[in-house]
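Peer 1: Curious how this folds, go ahead:
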Amino acid sequence: MIQDNFATPQDGPLRGFLQLHPNVNLHFTPTYSSWLNQIESWFSKLQRDLIDRDIFTSVADLKRKILRYIRLYQKTAKPYRWKYSDVTKRIPAW
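Peer 2: Below you'll find the model as predicted:
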């Protein structure tokens, strides 16, 4: 199970769930660099740039326009370089 960062509560219902399911492992994304946040940001951009501004005549039309947006976006996309220097907030080793 992927948790959005180490700040996820690890007591109460979660602890009980993990005791009932010993084969489940928790994997934490680094604090302040969540890949889930990046995905949410990208879908937010897709909505602002395309979905909120256009009219779609069918599901096929929506699909075609989203795929065109993705192809155009990929031509100018650049990786984001995270900068993280506050060692006091790093996740401790287990």
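
Peer 1: Name the helix or strand for the most centrally placed residue in the chain, please.
Peer 2: The chain has Leu36 as the residue nearest its centroid, 1.4 Å off, counting by CA atoms, centre = their mean. Secondary structure assignment for Leu36, by DSSP states H and E: helix 35-49.

Peer 1: Could you look up the next helix or strand downstream of that helix?
Peer 2: helix 59-76.

Peer 1: now for that next one, which elements pack on it?
Peer 2: Packing partners of helix 59-76 (3 or more CB pairs under 8 Å, 6 or more residues apart in numbering; DSSP states H and E): helix 35-49. Every residue, glycine included, has its C-beta placed from N, CA and C.

Peer 1: And the worst-scoring helix or strand of the chain on mean pLDDT, what does it pack against?
Peer 2: Of the helices and strands making up the chain, the lowest-confidence element is strand 2-3, at a mean of 73, by mean pLDDT, DSSP states H and E. If contacts are counted by 3+ CB pairs under 8 Å, 6+ apart, strand 2-3 sits against strand 27-28.

Peer 1: before we move on, back to that, what mean pLDDT does the helix holding Leu36 get?
Peer 2: Mean pLDDT, computed over helix 35-49, is 86.
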